[in-house]
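J.: One predicted model, sequence on top.
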Amino acid sequence: MEVYTYADSLVNQYDTNKYKTVSIAPGEKILWRRGLCLKATEASVIFIPGAVFLHNIPIGQALQSSDSNLVMEFMARPQVGDTSLPDFKVHLKKGATLKINRNTEVILTKEDNPGEKNRVFIIEEGQLETDIHHK
């Protein structure tokens, strides 16, 4: 994963020179720190482990999105986590934000990503893991 403080170009009408952004490769596991809020610059699908709901945490406390019609698709078998809770896919629309209120690992899927190009997200709130390269 590459973190860009200042990008060189526009990404789908978002002037990334004005925002701190992160570029994530499809299939890459990333550590999502509690409170991190990312805004999708294009439609994206993210695998999230069911463990974010451990201890009966309600969905609205574990996840927050600017999209009131956020689509969550529960998976039959674990893709990310190692618990008995089902993992799920979150379908983010362009311009939608996602905030996860727990530390967890997520995977940007290759789904709906012709050519498997990196996706750029605007960092709306929070911070990424400190061992990631900053450009």
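T.: Nice, I can see it. Since the structure is predicted, the reported quantities are computational estimates derived from the model, not experimental observations.
J.: and Lys39, what is it in contact with?
T.: By C-beta atoms under 8 Å, 6 or more residues apart in numbering, the contact list for Lys39 reads 66, 95-97, 121-122, 124. Bear in mind the C-beta positions are built from the backbone N, C-alpha and C, glycine included.
J.: what kind of secondary structure is it in?
T.: strand (DSSP: H, G, I helix; E, B strand; the rest coil).
J.: Bridged to it, which residues?
T.: With DSSP bridges applied, Lys39 shows beta-bridge pairing to Thr97, Ile122.
J.: Which residue lies nearest the spatial centre of this structure?
T.: Nearest to the geometric centre of the chain sits Ile46, at 5.7 Å (C-alpha atoms, centre = their mean).
J.: Could you pull out the buried residues of stretch 89-98?
T.: 89-92, 95-98 (16 or more other C-beta atoms under 10 Å).
J.: would you turn the contacts of Lys39 into JSON lines with distance to Leu36 and pLDDT?
T.: JSON lines is the format used below for the contacts of Lys39 (distance: C-beta to C-beta, whole Å; pLDDT from 0 to 100):
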{"residue": "Ser66", "distance to Leu36": "14", "pLDDT": "93"}
{"residue": "Gly95", "distance to Leu36": "17", "pLDDT": "93"}
{"residue": "Ala96", "distance to Leu36": "15", "pLDDT": "94"}
{"residue": "Thr97", "distance to Leu36": "10", "pLDDT": "95"}
{"residue": "Phe121", "distance to Leu36": "10", "pLDDT": "91"}
{"residue": "Ile122", "distance to Leu36": "12", "pLDDT": "91"}
{"residue": "Glu124", "distance to Leu36": "9", "pLDDT": "91"}
